[in-house]
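> what shape does this take:
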Amino acid sequence: IKEFSEDFVCVKQNGKWGLIDAYGEERAPLKYDKIWPLSEGFASVELNDKWGYIDEMGNEIISLKYDGALPFMGGMAGVLLDGKWGYLDKLGQEAIGLQYDGVWFFSEGLASVKLNDKWGYIDEMGAVVIPFIYDNGYSFEGVFAEVILNRTHGYIDRAGEFFNEIE
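Down below sits the predicted model:
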């Protein structure tokens with residue numbers, strides 16, 4: 001059993017995962033190889049090495065065709081297909097094309113993405129707002145995001161200004 005998320009819990013029985021609600025009612029059948037907890041009304045699920053999304057009632061709403069799928073955050077979810085990452089919106093449409101080597105969650109309207117071994121930040125339209133210069137980049141929490149630049153841990157603000165410490 002994984003933790004409750006949005007009044008549902010992921011459960012595993014006989015090696016397969018599914019969803020039950022707070023009353024113990026099965027919502028998604030115990031048939032998936034892996035499952036992420038619900039986030040923004042969707043759970044990413046894996047079956048036979050392909051990922052997609054189900055809703056809180058267990059309906060497969062985004063087909064299981066991806067090689068990887070992150071939970072929805074900020075209205076979008078990162079997906080992997082043929083070695084490249086991009087983002088889907090909640091309708092299952094590619095909101096930001098599959099072009100990145102790595103992606104992270106949207107937070108505060110920005111997401112860190114990896115291209116050619118460096119991380120930068122894009123907005124919800126896919127525009128680069130902070131250049132690809134970081135060794136690693138994490139989600140914004142408030143006005144700052146943790147980054148690694150030239151092996152030094154620090155933080156950046158939304159303008160990309162680097163700080164060794166924040167007070």
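
> pull the residues that contact stretch 144-153.
Applying C-beta atoms under 8 Å, 6 or more residues apart in numbering, the external contacts of stretch 144-153 come out as 110, 112, 119, 121, 133-139, 154-157, 162-164, 166. Just so you know, the C-beta spots here come from the backbone N, C-alpha and C atoms, and that holds for glycine as well.

> next one: stretch 122-133
So stretch 122-133 is contacted by 74-76, 87, 95-97, 106, 109-111, 113-116, 118-121, 149, 156, 158-160 (C-beta under 8 Å, 6+ apart).

> now, the residues you listed that are in strands?
87, 95-97, 110-111, 113-115, 118-121, 149, 156 (DSSP state E).

> what about burial for the contacts of stretch 144-153, which qualify?
With burial judged by 16 or more other C-beta atoms under 10 Å, the buried subset of those is 110, 112, 119, 121, 134, 137-139, 154-156.

> can you tell me which of those residues is nearest residue 25?
Relative to residue 25, the closest of those is residue 139; by C-beta to C-beta it sits at 33.1 Å.

> that older thread, could you work out the most separated pair of the buried ones among the contacts of stretch 144-153?
Largest pairwise distance in the buried ones among the contacts of stretch 144-153, by C-beta to C-beta, is 16.8 Å, between 110 and 154.

> any quick PyMOL command for the buried ones out of the ones in strands among the contacts of stretch 122-133?
Those of those that count as buried under 16+ other C-beta under 10 Å are selected in PyMOL with:
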select buried, resi 87+95+96+110+111+113+114+118+119+120+121+149+156
